[in-house]
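Engineer: sharing a model prediction with you, sequence too.
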Amino acid sequence: MEPILIAGIVTVNLALVTYGIGIVTEQRSRRITKKVLRFLQVGVVLDIIATSFMIIGSGQGLSLHGYIGFSALAAMLSELIVAWRHRASHGSAEVPRWLHRWSRLTYGWWCVAYVAGAALVMGG
C-alpha cells in the first residue's frame, strides 16, 4: 500500500476520534462549548487532509465513495459553521432541537462514508 494512503488512513481515523468527541460532547451537554468547537474544527481539518491524501494516493477519478465522502465532508463543514454561529450568537446556551439533530445527522452520514471507505480498503 502506498505510504500516502497509509497516512490518509491514519489521519481519517484521527478525524473520526476528534470529530466524534466533539459531537458526543455536544450531544451529552446540549451545548456548544469552546471544547466542542475545538474538537469539531480539528476533526474537519483532519478529514480535509485525509481526503487530500486519499485522492492523491488513489490516482482515480471521482467514485461513488468519493461523492459520499465529499457530501459528508460538506455536511461536517456546514455543521461546524452553524455551530460557530450559534456559539457566537448565543454563547454556551443550550442548542435548539434542530441543531442537536443536525449534528447527529451529519456525524451519522460521515460515519457512513467512513465505513464505506473502510469496506473498500478491506475488499480491495
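Structural biologist: Arrived safely, thanks for sending. In this text the structure is predicted, and so the values were computed from the model without any measurement.
Engineer: where does pLDDT dip in the chain?
Structural biologist: Along the chain, the model assigns pLDDT under 70 to residues 61, 124.
Engineer: from G91, how far off is T51?
Structural biologist: Relative to G91, T51 is positioned 32 Å away (Cβ to Cβ, to the nearest Å). Quick note: C-beta positions are derived from backbone N, CA and C, even for glycine.
Engineer: quick one: which of those two has more around it?
Structural biologist: T51 (21 against 10; other Cβ atoms under 10 Å).
Engineer: give me the contacts around the helix or strand in which the more buried one is found.
Structural biologist: If you go by DSSP states H and E, T51 is part of helix 34-58. The contact list for helix 34-58 (Cβ atoms under 8 Å, 6 or more residues apart in numbering) reads 2, 4-5, 7-9, 11-12, 14-23, 25-26, 29, 66, 69-70, 73, 76-77, 79-80, 83-84, 87, 110, 117.
Engineer: could you point out the helix or strand that follows it?
Structural biologist: Heading C-terminal from helix 34-58, the first helix or strand you meet, by DSSP H and E, is helix 64-90.
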